[in-house]
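>>> From the sequence below, what's the structure:
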Amino acid sequence: MRRQTAPVLVALLALVACHGPEPRRETKPAVQGPDARHAAVEPRSQLLPAYPCSGCHAGREARTQRYELKEFHEVRNHEFSHGEDAFWCFQCHSSKDPDKLVTSNGEMVSFDEAYKICTSCHGDKINDWRNGAHGLIVGNWNGTRTKKSCPACHDPHDPRFPSIKPEAKPAPPKGLKAL
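Down below sits the predicted model:
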């Protein structure tokens, strides 16, 4: 077997020696669009129907004990379903400034930075969201892009999506048999 390999190696070496190495090709840099990590986060506060909260809550003592929300809040007819009864309003909303939210480590942030509240508990999602794999990035591939904050898709008071009933498979096109 060694005797058969030697002539092949000699032929390959002679071929490379005659023709030399492959000529260098000029490469051009790839066209790059904006990085998902640098897309601006779309503001949310102007979309909230009762913002700023201080319009009603200014000068009021924050009720830090659980109680039923009966008036004025859109969530009054909505069951709070986030965190298996471990959460109350002030888990996310600041008891000191009604126009701010508060992260799990106590940092106060604006409603436009709500993603910081979500990711302070849901840290496993932050890298996917920052890099554009989770969430929604809108805009041009080669221009300004913005990304949606978590509450744009997930209701913070009930973040799970409802179950979706599967639809029947579509009928095959006319003239084709179903498998």
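>>> which residues does Thr146 bridge with?
According to DSSP bridges, the partner residues bridging Thr146 are Ala40, Val138.
>>> Pull the number of nearby residues for it.
14 (other CB atoms under 10 Å). Where you see a C-beta, it was placed from the backbone N, CA and C, and this is true even at glycine.
>>> again, but for the one 4 residues further on
Here the count is done by other CB under 10 Å, and Cys150 has 22 residues near it.
>>> show me what contacts the nearest residue to it once chain neighbours are set aside?
If the residues on either side of it in the chain are set aside, Cys150 comes closest to Cys118, at 4.2 Å by CB to CB, 6 or more residues apart in numbering. Cys118 sits next to 125, 150-151, 154, 156 when contact means CB atoms under 8 Å, 6 or more residues apart in numbering.
>>> which among the residues you listed end up buried?
125, 150-151, 154, 156 (16 or more other CB atoms under 10 Å).
>>> For Ala58, which residues are in contact?
Ala58 neighbours (CB under 8 Å, 6+ apart): Pro98.
>>> Let's see the pLDDT reported for it.
pLDDT for Ala58: 78.
>>> And Lys96, by the same measure?
Predicted confidence (pLDDT) at Lys96: the value is 87.
>>> what sits against it?
Applying CB under 8 Å, 6+ apart, we find Lys96 in contact with 62, 108.
>>> Okay, it and Ser104: tell me how far apart.
16 Å (CB to CB, to the nearest Å).
>>> for Gly135, same thing?
Distance, Gly135 to Ser104, using CB to CB: 20 Å.
>>> Who has more neighbours out of those two?
Legend: neighbour count by other CB under 10 Å for Gly135 and Ser104, higher for Gly135 (21 against 13).
>>> these two touch, right, that one and Asn127?
No - counting by CB atoms under 8 Å, Gly135 stays clear of Asn127, with 11.4 Å between them.
>>> in this protein, which spans are helices?
Under the criterion DSSP state H, helices of the chain are mapped to 2-19, 54-57, 114-121, 126-130.
>>> mean confidence score for the longest one?
Confidence over helix 2-19 (mean pLDDT, whole number) is 66.
>>> So Ala62 is in contact with Asp97, correct?
No - the pair formed by Ala62 and Asp97 falls short of the contact definition of CB under 8 Å, at 9.8 Å.
>>> Give the bridge partners for Val102, please.
Met108.
>>> if I pick it, what's in contact with it?
Contacts of Val102 (CB under 8 Å, 6+ apart): 90, 92-94, 108-109, 117.
>>> of those residues, buried ones?
In the contacts of Val102, the ones that pass as buried (16+ other CB under 10 Å) are 92-94, 109, 117.
>>> Appreciated, that's everything.
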